[in-house]
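> Provide a 3D model corresponding to the input given below.
(chains A and B)
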Amino acid sequence: MRQRRPVRLLLYAIAIVTSAIMIGPLYWMLATSFKPPGDVFASPPKWIPDPWTLANYHDVFTLLPFGRFFINSVIVTLSIVAVNILFDTAAAYAFAKLRFPGRDFLFFLLLITLMVPFQVNLIPLFRIMVALHHVSPYLGVNTYFGLIAPSAIQVFGIFLLRQYIRSIPDEILDSARVDGASEFKILRKIVFPLALPGIATLAIFTFLSAWNDFLWPLIVTQTDQMRTLPVGLALLARKQEINWGDTMAGTVITALPMIAVFLVLQRRFIEGLTSGAIR
Amino acid sequence: MVKAAARETTATAPRGPAAAPVMRRLRRRFRGSGSGYVLVLPAMLAAIAFLYVPMALSAYWSFTDFNGLLPPRWVGLANYRELAADPLFLQAVRNTAVFVLLAQGIGPVLGLASAALLNNKLRFRGLFRTAYFIPVMTSLVVVATIWKMLLNSNGLVNVIFGYLHLPTTSWLSNPSTALPSVIAASVWQGFGFETVIFLAAMQAIPREYYEAAMVDGANAWGRFRHVTLPGLRRTIIFVYVIGIIQASQVFDQVFVMTQGGPIESTNTVVNELINRFNSLQLGQASAIAYLLAVVLAFVSFVQIRVFERRD
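Below you'll find the model as predicted:
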């Protein structure tokens, strides 16, 4: 289906212009983060920072503990991904391959929650976390537990992995059972490796949503020491209405890790997202 | 078969007082239904603590005057009645409806158009796809912060609009442009997701369908209309269900870009919910959350119904 030459040129022109609209703002973020304050809204605009400076990056780390935000985001995101892989694979295997009374009813109960938006749970979760904080200083509001625990269950993940695990032939599992393997061993040695593409998809979805999550971390954290990157950035943007150089330095720090991970793992990301969607 | 046999022996085995047979029986039992319960237990416990209990609590609170300090007092439907007559909340509903309609009217169509564009076997297709997709990976807070700068009265948007002789304004402090600006930033962030999904779905449509359409003399539009679109039916349902559900919960962009202003012109339902949470009107905030939940459940129900009927 090759078009005539002018048509193809037009298609290229559209693709290039739209790509510029997508990349332009990201470039402007990067460029602004290296500009001295006077150059941010210079007229005509300075397309390339000249002179350029690292002062904004220095400022941003002294204004707010961005290093700490980064560490918090890493800890919270990796924990959420790990807990989800563990819980969701176990539950998905049981729902897909084991027979026990009430199985389908329990699964149905879980599926119903997919209809309920997070905002319904937000206020009670906050109250629960406040109460838990009175039990132990390591639980509840303004703790890693508080940031991680509500994301320990992802019904969508169980649903997704169940689809993958159902496609594993029963004969493989049965022969392992005949050999005396426990269900836990079967889960670890057979189901986990065979469901790995599905688990990778789940890990990608979870990583993305946990790293970029905003509403819950905003509500459950109370001191700068516990903020994650998006929350820290939003507070910086409010604090520093005037100095866009500093704000853009914070934005680069927040955006760059995710963009870097994506550029390295691009094919996996896109395959993971689309395989979840097109199914 | 093996499993069923194992369960039967467990069930009919005589009960002895000795510990060893008990253990053996327990272990065998585990292999049947027991391990099923053990494996779903962590997920179910988390679901109870972080899904079912909160859902029940906020359902109850939505019928009370709960303020977080005094014990909740039952007020029946008063919260819902008050919301139905509250101009602030109704404004938030209108703004959210405009956001959903415009963002979902534009985003997926742009995604479909760019997928159709990239499906033309353009050279550097991967590069273009990456360009569209990068904003999807970055958080809404990042995107909102960047666009807040670009839309500043001295920002790059006004500079470029000036070059093109288009009208300029202080986009985010002008009540008639603030909401469209937030919508534009959101569409910019999100449509790459739809592009990638649609592109993958288009590539899964068998070539023979297109060849058959060519034989029948269909032009490019005809092939798109009668081969591509029907082939994307399921994907379109998926994209719209996800998209409408997400758009209805819009909050992050508003929090960063406008905080609901100017003069409530960008105040959304979730923003209003958070405002009432902050002012300790927890009963009303819970009622807002449940109204949102009911509307979203209804939307996905209607959508799935509508699309199923076309089969």
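> now the host helix or strand of A:Leu235, how far from the centre of its chain.
Here A:Leu235 is covered by helix A:229-239, with elements defined by DSSP states H and E. Between the centre of helix A:229-239 and the centre of its host chain there is 18 Å, according to CA atoms, centre = their mean, to the nearest Å.
> does chain B sit close to that helix?
Yes: using CB under 8 Å from any CB of the partner chain, we find that helix A:229-239 touches chain B at A:Leu229, A:Pro230, A:Val231, A:Leu233, A:Ala234, A:Ala237, A:Arg238. The C-beta positions use only the backbone N, C-alpha and C, and glycine is treated the same way.
> ok, which pair from the residues you listed is furthest apart?
Maximum pairwise distance among those (CB to CB): 15.1 Å, between A:Leu229 and A:Arg238.
> Looking at the two, which has the bigger crowd around it?
A:Leu229 (30 against 12; other CB atoms under 10 Å in any protein chain shown).
> got the contact list for that one?
Contacts of A:Leu229 were listed using CB atoms under 8 Å, 6 or more residues apart in numbering or on different chains, and they are A:Phe66, A:Phe69, A:Phe70, A:Asn72, A:Ser73, A:Trp211, A:Ile253, A:Thr254, B:Ser139.
> same deal with B:Leu229?
With contact taken as CB under 8 Å, 6+ apart, B:Leu229 is in contact with B:Ile236.
> where's it, which helix or strand?
Going by DSSP H and E, B:Leu229 is in helix B:229-231.
> Would you list the phi and psi of B:Asn174?
phi -100, psi 120 (degrees, to the nearest 10).
> burial of the closest residue to it other than its chain neighbours, as a residue count?
Nearest residue to B:Asn174, sequence neighbours excluded (CB to CB, 6 or more residues apart in numbering or on different chains): B:Pro262, at 7.3 Å. Neighbours of B:Pro262 under the rule other CB under 10 Å: 16.
> I'd like the distance between B:Pro262 and A:Ala195.
As defined by CB to CB, to the nearest Å, B:Pro262 lies at a distance of 51 Å from A:Ala195.
> thinking again about what came up before, tell me which strands and helices the next helix or strand after the helix holding B:Leu229 is in contact with?
Downstream of helix B:229-231, the next assigned helix or strand under DSSP H and E is helix B:233-248. Other helices and strands packing on helix B:233-248, by 3 or more CB pairs under 8 Å, 6 or more residues apart in numbering or on different chains; DSSP states H and E, are helix A:266-278, helix B:87-118, helix B:178-203, helix B:282-309.
> Distance to A:Ala13 for those - can I get that in a markdown table?
Compiled in a markdown table, the helices and strands packed on helix B:233-248 are given as follows (distance: least, CB to CB, whole Å):
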| stretch | distance to A:Ala13 |
| --- | --- |
| helix A:266-278 | 25 |
| helix B:87-118 | 11 |
| helix B:178-203 | 18 |
| helix B:282-309 | 35 |
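> Out of those, which gets nearest to A:Pro36?
Of all the helices and strands packed on helix B:233-248, it is helix B:178-203 that lies closest to A:Pro36, at 26.4 Å by CB to CB.
> Check which helices and strands that closest one sits against.
Judged by 3+ CB pairs under 8 Å, 6+ apart, helix B:178-203 is in contact with helix A:5-33, helix A:266-278, helix B:87-118, helix B:125-137, helix B:140-150, helix B:233-248, helix B:252-257.
> Try it again at 6 Å.
If you count contacts as 3 or more CB pairs under 6 Å, 6 or more residues apart in numbering or on different chains; DSSP states H and E, helix B:178-203 packs onto helix A:266-278, helix B:87-118, helix B:125-137, helix B:252-257.
> Columns distance to B:Gly155, mean neighbour count and mean pLDDT on top of those, output as CSV?
CSV is the format used below for these (distance: least, CB to CB, whole Å; neighbours: other CB atoms under 10 Å in any protein chain shown; pLDDT from 0 to 100):
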stretch, distance to B:Gly155, mean neighbour count, mean pLDDT
helix A:266-278, 30, 18, 73
helix B:87-118, 22, 19, 93
helix B:125-137, 18, 20, 88
helix B:252-257, 12, 25, 93
